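K.L.:
Please find the sequence and the predicted model below.
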Amino acid sequence: MKNILLTFGLFIQAYFVNGQACVGNGTANITFVSSFGGNCTYNISMSVTTTSNSAKAARFSVLNATPIINPVCKTSSLTTINCTNTGNLNNLGNGVVINHTFTNVTIPCNTAPSLSLEGTTANNNFSSLCNAITVTQTNPNPVKISYFNGISQSNKIALNWQTESEIGFSHFVVQRSGNALEFGDLETIKADGESTEKINYRFIDNNPFPGINYYRLRQVDKDGTVSFSKIIDINSDGGASEIIIYPNPSTGSFKMKNNETIISSDVYNASGKKIDGILRKEDTTYTLDFPNKPESGIYFLKITTASGIKKYRVAIN
């Protein structure tokens, strides 16, 4: 995923000790990572610069993370200290830049990240905060999804989703998997445009795997940032017929029996990529071999006969 840092303006509130501010020029860069259900995950990097010799440390906080994240205190970009009691510290001096990054911070998607950058002038920093810079901004995720679901209909699977808003958003890529680990692209769907209104989308998978299919949406912003929706699973209606396939699992070769001619057989891995196979007729049976033995795992076999297409889930050890 290409991470794009979004720089946010600051809403500044200063709390003075002895009329003195010891930190200023606070910034926060927030990178959207992913969303699942109603929660969004971010990486948040924060920076603050000391403005006088009285500063001993800086305290970084995410005020509305779930679960709660304890504040992180630093005397420099490399030194982390206990925020309850910083110990005996020297003054940092003017113009010292202190940085910290919080990774995989979870916040409800309808709530903007709220951050705090603070300086301390004494060894017990909770009672000696010289000033605080509070950062609050709108949610940096350009697309907010209300729901994402699907239903099996006559050997097809219909996917439906709705967006609450689309700001700076480019397109969706519908992805499918047979094991919820390896995903392949099915279709690219262009965003309707800049909108704060609800927009409905629909996609029909005309050729799902037999059994359980896993789907997710790859969400691409106009600046190239990529994120993913939650994963949903849907059971297709296909798979039953008179064709016998054995052994299953196999070590890399399958035999098939059928009461009508098998025209072709195609094999796909869990992400939907076609695997090279060779089909041979031998008297009353057919043999499916592979020039190069596929890796162990679950595969999907699509068999074409005179009466139509039948689908099966097979395994290779």
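P.N.:
Perfect, thanks for sending it.
K.L.:
Sheet partners, orientation included, of the helix or strand containing residue 176?
P.N.:
Here residue 176 is covered by strand 169-177, with elements defined by DSSP states H and E. Within its sheet, strand 169-177 is paired with strand 184-190 (antiparallel), strand 212-221 (antiparallel), according to DSSP bridges.
K.L.:
what sits against residue 256?
P.N.:
Taking Cβ atoms under 8 Å, 6 or more residues apart in numbering as the contact definition, residue 256 lies against 243-245, 262, 265, 285-288, 303. The way it works is simple: take the backbone N, C-alpha and C, and place the C-beta from them, glycine included.
K.L.:
Cross the residues you listed against strands and list the overlap.
P.N.:
Of the positions in these, 244-245, 262, 265, 285-288, 303 sit in strands, assigned by DSSP state E.
K.L.:
from the residues you listed, which would you call buried?
P.N.:
Neighbour counting by 16 or more other Cβ atoms under 10 Å classes 245, 262, 265, 286, 288, 303 among the ones in strands among the contacts of residue 256 as buried.
K.L.:
how close does the fourth one get to residue 293?
P.N.:
As judged by Cβ to Cβ, to the nearest Å, residue 286 and residue 293 stand 19 Å apart.
K.L.:
Next, work out how far apart the closest residue to residue 235 other than its chain neighbours and residue 23 are.
P.N.:
Nearest residue to residue 235, sequence neighbours excluded (Cβ to Cβ, 6 or more residues apart in numbering): residue 212, at 5.5 Å. Distance of residue 212 to residue 23, given as Cβ to Cβ: 54 Å.
K.L.:
before we move on, what about residue 198?
P.N.:
Residue 198 is 42 Å from residue 23, where distance means Cβ to Cβ.
K.L.:
Which one's more surrounded, those two?
P.N.:
Under the neighbour definition other Cβ atoms under 10 Å, residue 198 and residue 23 were set side by side, and residue 23 has more, 28 against 11.
K.L.:
For stretch 155-167, which outside residues touch it?
P.N.:
Residues from elsewhere that reach stretch 155-167, judged by Cβ under 8 Å, 6+ apart: 142-151, 174, 191-206, 208, 213, 215, 217, 229, 234, 236-238.
K.L.:
need the helices for the stretch 1-150 of the chain, in chain order.
P.N.:
For the stretch 1-150 of the chain, helices defined by DSSP state H, counting those that start in this stretch do not occur.
K.L.:
what bits of it have low per-residue confidence?
P.N.:
Counting by pLDDT under 70, the stretch 1-150 of the chain shows low-confidence ranges at 1-20, 34-38, 86, 109-110, 122-142.
K.L.:
80 instead, please
P.N.:
Segments of the stretch 1-150 of the chain classed as low confidence (criterion: pLDDT under 80) are 1-21, 25, 31-40, 84-88, 108-112, 121-144.
K.L.:
Please determine how far residue 226 is located from residue 268.
P.N.:
If you go by Cβ to Cβ, the gap between residue 226 and residue 268 works out to 24 Å.
K.L.:
Noted, bye for now.
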